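Engineer: just coords:
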């Protein structure tokens, strides 16, 4: 930064970093200490320190004991499933998984048969099960 620090820049730094110059960016600290010796600079730092002390003293109050109970009471509740309905719902899930597995097996089997046919099947009478042509005739 330049050696020249304007009063507005000094006020902006005090507002952003507080009234303790050691918390400011290192490039501005030397010039800021010189400006803090002026009446305007001292007033700006005093205001920033007042805010720093107020923020340091502020404490978040603990919530009252009934807050969790009020939140729980106002929350929407999901309907509870009876054990019989729960068993039916779980059974439907397992049925769906079984159907998907069976379908995947059928697709895999079809793909295997389709891709694993002999190369010369189209030109000869041989099949995957043997020769269908009658050799004695």
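Structural biologist: In hand now; what should we look at? Here the structure is a predicted model, which is why all the values come from computation and not from measurement.
Engineer: Report the separation between the closest residue in space to residue 36 that isn't next to it in sequence and residue 17.
Structural biologist: The shortest distance from residue 36 to any non-neighbouring residue, by C-beta to C-beta, 6 or more residues apart in numbering, is to residue 45 (5.5 Å). No exception for glycine: its C-beta is placed from N, CA and C like everyone else's. Counting by C-beta to C-beta, to the nearest Å, the separation of residue 45 from residue 17 is 11 Å.
Engineer: So if I had to pick from those two, which one is more boxed in?
Structural biologist: Neighbour tally, residue 45 and residue 17, criterion other C-beta atoms under 10 Å: the higher count belongs to residue 45, 21 against 17.
Engineer: how far away is that one from residue 38?
Structural biologist: The gap separating residue 45 from residue 38 is 10 Å, by C-beta to C-beta.
Engineer: Now for the residue nearest to residue 36, which secondary structure element holds it?
Structural biologist: helix 39-57 (DSSP states H and E).
Engineer: residues in contact with that helix?
Structural biologist: Contact with helix 39-57 is made by 7, 10-11, 14-15, 18-21, 32, 35-36, as judged by C-beta atoms under 8 Å, 6 or more residues apart in numbering.
Engineer: Mind picking the two most distant members of the residues you listed?
Structural biologist: The largest separation in these, counting by C-beta to C-beta, is between 7 and 20 at 18.7 Å.
Engineer: and residue 36, what is it in contact with?
Structural biologist: Contacts of residue 36 by C-beta under 8 Å, 6+ apart are 21, 42, 45.
Engineer: Can you add pLDDT and distance to residue 51 and give those back as a markdown table?
Structural biologist: As requested, these are arranged in a markdown table below (pLDDT from 0 to 100; distance: C-beta to C-beta, whole Å):
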| residue | pLDDT | distance to residue 51 |
| --- | --- | --- |
| 21 | 93 | 15 |
| 42 | 94 | 15 |
| 45 | 95 | 11 |
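Engineer: how deep is residue 43 tucked in, by neighbour count?
Structural biologist: Neighbour tally, residue 43, other C-beta under 10 Å: 11.
Engineer: Distance-wise, check it relative to residue 35.
Structural biologist: Residue 43 is 11 Å from residue 35, where distance means C-beta to C-beta.
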